[in-house]
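*Asks:* kindly return the folded structure for what I paste below:
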Amino acid sequence: MTAVPGARRRVGSPVAQPALYGALALAALFAGWWLATAIPGVVSQRVLPSPLDVVARFFFLAVEPFSGTTLEGHAIASLTRWLIGVLVALGLGIPIGVLLAWLPPCRAAITPIFELLRYIPPFAWVPIAVLWFGATTTTQALIVFIAAFPACVINTQLGVSQVEPILLRAAKTLGAGSWTTLRRVVLPVAAPSLFTGVRIAFGNGWMALVGAELVVGKQGLGFLISQGQINDSVATIFVGMIAIGALGAAIDVLLQRAQRVILPWKTASVRPLE
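*Replies:* Purely as a prediction, here's the structure:
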C-alpha cells in the first residue's frame with residue numbers, strides 16, 4: 001500500500017498534537033460553561049451568561065453600534081492606539097538597549113534613570129497623562145508605550161551583552177569596524193532575545209491599553225467592557241473580554257510566525273524530536 005505523504009505529520013507530529021489538545025481543552029471549557037448555565041440554580045445569568053447569549057450579543061454588537069460604534073470599530077480603535085504605542089516603544093527601546101550593552105558610558109548614565117522609571121506601574125501614569133493630553137488617543141498610546149518600553153530595552157541589552165567575545169574578536173581580526181560588527185555580528189546573534197522582548201512588549205502593551213480604556217476611553221474594547229457594566233449587560237462584558245483575548249492571542253501567533261520566517265535557524269534549533 002502506498003503511504004500518503006504527510007499523513008504521519010497530520011496525525012502524530014508534535015505540530016498536530018498540541019493543536020488537537022488545545023481544541024479539546026477549549027471544547028471542554030465551553031461544555032462546562034454551557035452546563036453551568038443550563039442547569040437551573042447552579043449559576044445566575046447575572047453572574048455568568050450562557051454561551052448562546054454571548055454569541056447572540058456578539059453578532060448584535062458586530063452590526064449594531066453600541067456606545068458610539070460597532071464591535072469592529074471598538075477593536076480597530078484599540079488596535080490603532082496599541083500599534084502607535086508599541087511601535088514607538090520598539091523604535092526607542094531597541095536602540096537604547098543596544099547603547100546600554102555596547103557603550104559602557106551610556107550604560108552608566110542611563111541605567112539609574114531607567115531603573116527608577118521602569119518600576120512605576122503604567123497605570124500610575126494615567127492621571128498625569130490625562131492632565132497633559134486629556135482623554136485622547138495620545139494618552140492611551142502613552143500608557144501602551146510605558147508598558148512596552150522596558151521589555152524592549154532589557155531584552156535587547158541582554159541579547160547584545162551575551163554575544164560571545166570570540167565572535168567580536170574574530171570580526172575585528174577580519175577588519176570589521178564597530179558599526180559593521182554591530183550590524184553583521186551582534187544584532188543577528190542577539191535577534192532571538194530581541195524577539196522575546198518584542199513579544200513581551202506587545203503583550204504588556206495590549207493589557208495596559210485595555211486598562212487605560214477602562215479609565216479614560218471613549219472608544220475601544222476596554223471602554224466597551226465599562227459600558228457593559230454601566231448598562232448592566234454581562235454578555236457585553238464577556239464579548240469584550242473574549243475579543244480582547246482572541247486579538248491578543250492572534251497578535252502573538254503572528255509574531256511567532258514572523259520569528260520563524262526571520263530567524264529560521266532559531267526555529268530549527270528548538271524543533272522537538274520526532
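*Asks:* could you say which helix or strand holds V153?
*Replies:* helix 137-161 (DSSP states H and E).
*Asks:* could you give the mean pLDDT of the following helix or strand past that helix?
*Replies:* Going down the chain from helix 137-161, the next helix or strand is helix 165-173, by DSSP H and E. On average, the pLDDT along helix 165-173 is 76.
*Asks:* same check, this time on stretch 112-120
*Replies:* pLDDT averaged over stretch 112-120 gives 89.
*Asks:* and the contacts of it?
*Replies:* 96, 100, 146, 149-150, 153 (Cβ atoms under 8 Å, 6 or more residues apart in numbering). The way it works is simple: take the backbone N, C-alpha and C, and place the C-beta from them, glycine included.
*Asks:* what is the nearest of the residues you listed to I225?
*Replies:* I146 (21.2 Å; Cβ to Cβ).
*Asks:* ok, for that closest one, nearest residue in space, not its chain neighbours?
*Replies:* P122 (4.6 Å; Cβ to Cβ, 6 or more residues apart in numbering).
*Asks:* same question for E213.
*Replies:* Using Cβ to Cβ, 6+ apart, the closest residue to E213 is G222 (2.8 Å).
*Asks:* same check, this time on I84
*Replies:* In space, I84 is closest to A141, 4.2 Å off (Cβ to Cβ, 6+ apart).
*Asks:* hang on, that neighbour packs against L87?
*Replies:* No - using Cβ atoms under 8 Å, A141 is not in contact with L87, being 9.3 Å away.
*Asks:* what's near enough to touch the residue nearest to I84?
*Replies:* A141 neighbours (Cβ under 8 Å, 6+ apart): 81-82, 84-85, 88.
*Asks:* returning to that earlier point: buried subset of the contacts of stretch 112-120?
*Replies:* Buried residues within those, counting neighbours by 16 or more other Cβ atoms under 10 Å: 96, 100, 146, 149-150, 153.
*Asks:* from these, pick the one nearest S161.
*Replies:* L100 (8.3 Å).
*Asks:* separation between the residue nearest to I146 and S67?
*Replies:* 24 Å (Cβ to Cβ, to the nearest Å).
*Asks:* what ranges do the strands span in the stretch 151-274 of the chain?
*Replies:* Using DSSP state E, counting those that start in this stretch, no strands are found in the stretch 151-274 of the chain.
*Asks:* low pLDDT regions in the stretch 1-150 of the chain?
*Replies:* Where the stretch 1-150 of the chain drops to pLDDT under 70, the residues are 1-16, 41-42.
*Asks:* host element of the spatially closest residue to L48 that is not a sequence neighbour?
*Replies:* The shortest distance from L48 to any non-neighbouring residue, by Cβ to Cβ, 6+ apart, is to T37 (5.9 Å). Using DSSP H and E, T37 maps to helix 16-38.
*Asks:* buried residues in that helix?
*Replies:* So, applying 16+ other Cβ under 10 Å, buried residues of helix 16-38: 33, 37.
*Asks:* hang on, T137 packs against R81?
*Replies:* Yes - T137 is within contact range of R81, at 5.4 Å (criterion: Cβ under 8 Å).
*Asks:* out of these two, which sits in the busier spot?
*Replies:* R81 (27 against 17; other Cβ atoms under 10 Å).
*Asks:* any idea how far that one lies from V153?
*Replies:* Counting by Cβ to Cβ - R81 and V153 are separated by 21 Å.
*Asks:* try P127
*Replies:* Taking Cβ to Cβ, one finds P127 at 24 Å from V153.
*Asks:* and if you look at I242?
*Replies:* 32 Å.
*Asks:* then S44?
*Replies:* Taking Cβ to Cβ, one finds S44 at 46 Å from V153.
*Asks:* what's the answer for G248, then?
*Replies:* Distance of G248 to V153, given as Cβ to Cβ: 22 Å.
*Asks:* roughly how far out does stretch 214-234 sit from the chain middle?
*Replies:* 21 Å (Cα atoms, centre = their mean, to the nearest Å).
*Asks:* what's near enough to touch A208?
*Replies:* Applying Cβ under 8 Å, 6+ apart, the residues near A208 are 122-123, 143-144, 146-148.
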